[in-house]
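Visitor: A structural model of the following input is requested.
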Amino acid sequence: MPRPRPAATRPPAGRPPHRRDSRRPAERRPTTIPAQPPPHPTELFAERLVLVLSGQRPMHWVARHVAHTAFDELARLAELRPLCAGGHRPAIHRIGHYQPHPEAYEVFVRIAAGPRLHALAFRLARGADRRWRCTAVETDPARTARVPEPRRPAPDTPKGPDTSPAPPEMT
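Guide: So this is what the prediction gives:
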């Protein structure tokens, strides 16, 4: 006569507790992705500047985040496209910042564009409305040097003897 099997030898899932059966996944809790901290304002603005200075975005895309004289400088730099490197898309290599006081950041960025590294520096200041705005921007000077203006001839000066008064003698 067969012996009756005890009912408590198997778990409710139908397998022994030590067995790992891939056909029947174990009960899992849903995994939650930890919330990422918001990006630092220096990182956001560096990305925007790189896109504008490489010609991938228009100047007005970043205009509301730029204050006064920095706007003029950024407009001049955007025309020169200093980060445009023969078909290579620029990528941010490294970002660093210095905080001289709680309401300002001085940021430096290394940008890789093809085989070259470029430098970008800007200053962010928090305004009265508590928004961050760029107040200064610079790139590596070799790439953004202005074309020198041609020399103009000096105005006609008399070619006679020097008639300017002699400097007073010191005693």
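
Visitor: any stretches of this protein with poor pLDDT?
Guide: Residue ranges of the chain with pLDDT under 70: 1, 4-28, 85, 142-171.

Visitor: could you pull out the helices for it?
Guide: In the chain, the helices defined using DSSP state H lie at 41-53, 68-80, 141-144.

Visitor: any idea which of these is most buried?
Guide: helix 41-53 (a mean of 20; mean count of other Cβ atoms under 10 Å). All C-beta spots, glycine's among them, are computed from the backbone N, C-alpha and C.

Visitor: just want the angle from that helix to helix 68-80.
Guide: If you take axes from the mean of the first three to the mean of the last three Cα atoms, to 10 degrees, helix 41-53 sits at 40 degrees to helix 68-80.

Visitor: would you put the C-alpha positions of helix 41-53 in CSV?
Guide: Backbone C-alpha positions of helix 41-53 (Å, rounded to 0.1, in the frame of the first residue of the first chain) are rendered in CSV as follows:
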residue,chain,number,x,y,z
PRO,A,41,23.9,74.7,-14.0
THR,A,42,27.5,74.8,-15.2
GLU,A,43,27.0,71.5,-17.1
LEU,A,44,23.8,72.6,-18.7
PHE,A,45,25.2,75.9,-19.8
ALA,A,46,28.4,74.4,-21.1
GLU,A,47,26.4,72.0,-23.3
ARG,A,48,24.4,74.9,-24.7
LEU,A,49,27.5,77.0,-25.4
VAL,A,50,29.2,74.2,-27.2
LEU,A,51,26.2,73.7,-29.5
VAL,A,52,26.0,77.4,-30.3
LEU,A,53,29.8,77.8,-30.8
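
Visitor: now distance to residue 59 too, for the helices of the chain, in a markdown table please.
Guide: As requested, the helices of the chain are arranged in a markdown table below (distance: least, Cβ to Cβ, whole Å):
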| stretch | distance to residue 59 |
| --- | --- |
| helix 41-53 | 6 |
| helix 68-80 | 5 |
| helix 141-144 | 15 |
